[in-house]
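# can you look at this prediction? I've put the sequence above it.
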Amino acid sequence: MPANLASALVFIVNAVTSLYLLVLLLRFWLPWLRADFRNPLAQGILKLTSPVIVPLRRIIPSFGRLDTATVVFAVVVQYLSILLVLLIVGISASFAAIATTAIVKLALLSVNLFMFAIFIRIVLSWIAPGQSNPATAIIATLTEPVLRPFRRLIPPIGGFDISPILVIILLGALTRLLMGFNRLGL
């Protein structure tokens, strides 16, 4: 297979699976962060993921607020995505290496989800301060539990909340730390 075709196919596989995995991760994180599921975006996330997750819950029970069915399905989707990429590129790897990489990539995707949500919240605070809509409510639900402890440590300076800067720096450091566990370098 020509390198440019393989590269294009790898891009498509990664893009499509990453988008679906983001929706699955939102389904996982929103209950943990006590999201309002009357929100239309939260309802959409449930509708997109319920056809697979609800039947899986009959087989894989939840542990408290830990939605194990969603976690297991996300790991399986990420594993299959990595396996498909390896097949396209023509590389083989062990089950353990692919599984470890799948878990690390899901953790990285979660960290990136929080980092981008913080960036979006910052931009929205400049463009449309005080606006309320379903998207800003979901973003606030995602970011507030992460930002709150840092706001207690760092008070606003001249009316500016600089705690998101520290959180983004720490999330960036966590990203680099997690990348060290990626056994396949994908």
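Happy to help now that I have it.
# need the longest helix for the chain.
The residue-count maximum for a helix in the chain (DSSP state H) belongs to helix 95-127.
# does anything pack onto that one? Which helices or strands?
In terms of contacts (3 or more Cβ pairs under 8 Å, 6 or more residues apart in numbering; DSSP states H and E), helix 95-127 is packed against helix 3-32, helix 68-89, helix 134-153, helix 163-179. For glycine as for every other residue, the C-beta is placed from the backbone atoms N, C-alpha and C.
# quick one: name whatever helix or strand follows the first one.
So the one you mean is helix 3-32. Of the helices and strands lying after helix 3-32 in sequence (DSSP states H and E), the nearest is helix 40-59.
# find the centremost residue of this protein, please.
Closest to where the C-alpha atoms of the chain average out (Cα atoms, centre = their mean) is residue 110, at 3.0 Å.
# tell me how far that one lies from residue 104.
Noted for residue 110: a distance of 11 Å to residue 104, by Cβ to Cβ, to the nearest Å.
# could you give the mean pLDDT of the longest helix of the chain?
Helix 95-127 carries an average pLDDT of 93.
# could you pull up phi and psi at residue 66?
phi -80, psi 110 (degrees, to the nearest 10).
# just give the number of residues close to it.
Residues lying near residue 66 (other Cβ atoms under 10 Å) number 13.
# quick check: beta-bridge partners of it?
residue 63 (DSSP bridges).
# kindly give the local confidence score, pLDDT, for it.
Residue 66 carries a pLDDT value of 85.
# and the gap between it and residue 56?
For residue 66, the distance to residue 56 (Cβ to Cβ) stands at 14 Å.
# and the worst-scoring helix or strand of the chain on mean pLDDT, what does it pack onto?
Lowest on mean pLDDT, DSSP states H and E among the helices and strands of the chain sits helix 134-153, with a mean of 91. Contacts defined by 3+ Cβ pairs under 8 Å, 6+ apart place helix 134-153 against helix 3-32, helix 40-59, helix 95-127, helix 163-179.
# one more time with 6 Å
Judged by 3 or more Cβ pairs under 6 Å, 6 or more residues apart in numbering; DSSP states H and E, helix 134-153 is in contact with helix 40-59, helix 95-127, helix 163-179.
# return the most buried member of those.
The highest mean neighbour count among those, using mean count of other Cβ atoms under 10 Å, belongs to helix 95-127: a mean of 16.
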